[in-house]
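Undergrad: need a structure here:
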Amino acid sequence: MLSPAQDAILLECAKDNPYANLLAVKKGNEDDPRVKKLATLLTSSEVKKFIEDKYKGSVLPVTSG
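TA: Below is the predicted model of the structure:
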């Protein structure tokens, strides 16, 4: 099976792209320690490296929180 980067016909430009995955929480849960931990993990260098290695540019990691 081809990776998304190998199978893609065209890659979208990341700059000013309105499509992104977000971490959204119910109002009042912003300070929940589990939410804070998840946000930290999602923006970690380990997750960034995994995304870069796995998706070879067809998915871009978050660069700031």
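
Undergrad: Which parts of the chain are helices?
TA: In the chain, the helices defined using DSSP state H lie at 4-7, 33-42, 45-55.

Undergrad: could you dump the ones you listed to a markdown table with mean pLDDT and mean neighbour count?
TA: Just so you know, the C-beta spots here come from the backbone N, C-alpha and C atoms, and that holds for glycine as well. Below are those laid out as a markdown table (pLDDT from 0 to 100; neighbours: other Cβ atoms under 10 Å):
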| stretch | mean pLDDT | mean neighbour count |
| --- | --- | --- |
| helix 4-7 | 55 | 11 |
| helix 33-42 | 94 | 12 |
| helix 45-55 | 92 | 12 |
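
Undergrad: Nearest to D16 among those helices would be which one?
TA: Ranking the helices of the chain by proximity to D16 (Cβ to Cβ) places helix 45-55 first, at 20.2 Å.

Undergrad: From the chain's centroid, how far away is that closest one?
TA: 9 Å (Cα atoms, centre = their mean, to the nearest Å).

Undergrad: Over to stretch 51-65?
TA: 6 Å.

Undergrad: May I see the helices of the chain organised as JSON lines, with distance to K15 added?
TA: Output for the helices of the chain, formatted as JSON lines (distance: least, Cβ to Cβ, whole Å):
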{"stretch": "helix 4-7", "distance to K15": "18"}
{"stretch": "helix 33-42", "distance to K15": "21"}
{"stretch": "helix 45-55", "distance to K15": "18"}
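
Undergrad: Out of the ones you listed, which is closest to A20?
TA: helix 33-42 (12.0 Å).

Undergrad: who's in contact with P61?
TA: V47, K48, I51, E52 (Cβ atoms under 8 Å, 6 or more residues apart in numbering).

Undergrad: Distance-wise, check K26 relative to S58.
TA: Going from K26 to S58 by Cβ to Cβ, to the nearest Å gives 31 Å.

Undergrad: And for N17?
TA: 13 Å.

Undergrad: Nothing else from me, thank you.
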